[in-house]
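Asks: coordinates only, sequence not included:
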């Protein structure tokens, strides 16, 4: 129980600082997102490393659309060093009709940006980032991504102004 509390506390602190540090950005999101198609399971392919995800493998997010059009979020991972399973629950909502800019909270009332920067037309992979460019994730419906698609996404994040050398590639088993 104490370990779960510490994990959630780290998530809270991280999200708090992200939400407090958001600044104006010229970062462009996708034109629109169909939330019905976006919900479901996503596997993390790569991310910028942050302490709330440090030592994580098998990172997965599951999104469930609620009746009020908000999204329940369940993030999970397994700690590499201990093989301990961890999860954190959150709630998200869209800030506009495009559904491409979301706010996510692990501890209300603090919300952080979750911007969908690239989305496959078949909703098979996506790039998620923040306007500050401090957070970045490449996610996929599958645990693994072929090199051709990954290289395309790496080019895209460079064009968007992210530093691809900061990516940590997620172990998925």
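Replies: Structure received. Values in this document were obtained by computation on a predicted structure and should not be read as measured data.
Asks: drop to CA atoms for contacts and neighbour counts, all remaining ones
Replies: Noted.
Asks: report pLDDT for the residue nearest to residue 124 when sequence neighbours are not counted.
Replies: Using Cα to Cα, 6 or more residues apart in numbering and skipping the chain neighbours, the partner closest in space to residue 124 is residue 141 (5.3 Å). If you check residue 141, the pLDDT there is 98.
Asks: could you pull out the helices in the protein for me?
Replies: 2-21, 35-38, 147-159 (DSSP state H).
Asks: identify the residue spatially nearest to residue 133, adjacent ones excluded.
Replies: Nearest to residue 133 is residue 162, by Cα to Cα, 6+ apart, at 6.3 Å.
Asks: my read: that neighbour touches residue 132, true?
Replies: No - the criterion here is Cα atoms under 8 Å, and residue 162 misses it with residue 132 at 9.9 Å.
Asks: show me the shaky parts of this structure.
Replies: 1-24 (pLDDT under 70).
Asks: count of neighbours near residue 81?
Replies: Taking other Cα atoms under 10 Å as the criterion, the count of residues near residue 81 is 9.
Asks: to clarify, my last question referred to residue 105.
Replies: Residue 105 is flanked by 22 other residues according to other Cα under 10 Å.
Asks: and residue 49, by the same measure?
Replies: For residue 49, using other Cα under 10 Å, the count is 18.
Asks: quick check: it vs residue 63, distance?
Replies: Look at residue 49 and residue 63: by Cα to Cα, to the nearest Å, they are 22 Å apart.
Asks: kindly report the same for residue 36.
Replies: Distance from residue 36 to residue 63, counting by Cα to Cα: 10 Å.
Asks: excluding sequence neighbours, find me the nearest residue to residue 48.
Replies: According to Cα to Cα, 6+ apart, the nearest residue to residue 48 is residue 167 (4.9 Å).
Asks: contacting residues for that neighbour?
Replies: Shown in contact with residue 167 (Cα atoms under 8 Å, 6 or more residues apart in numbering): 46, 47, 48, 49.
Asks: if we go to 7 Å?
Replies: Taking Cα atoms under 7 Å, 6 or more residues apart in numbering as the criterion, residue 167 is in contact with 46, 47, 48.
Asks: make TSV from those and add neighbour count to it.
Replies: TSV is the format used below for these (neighbours: other Cα atoms under 10 Å):
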residue	neighbour count
46	21
47	21
48	20
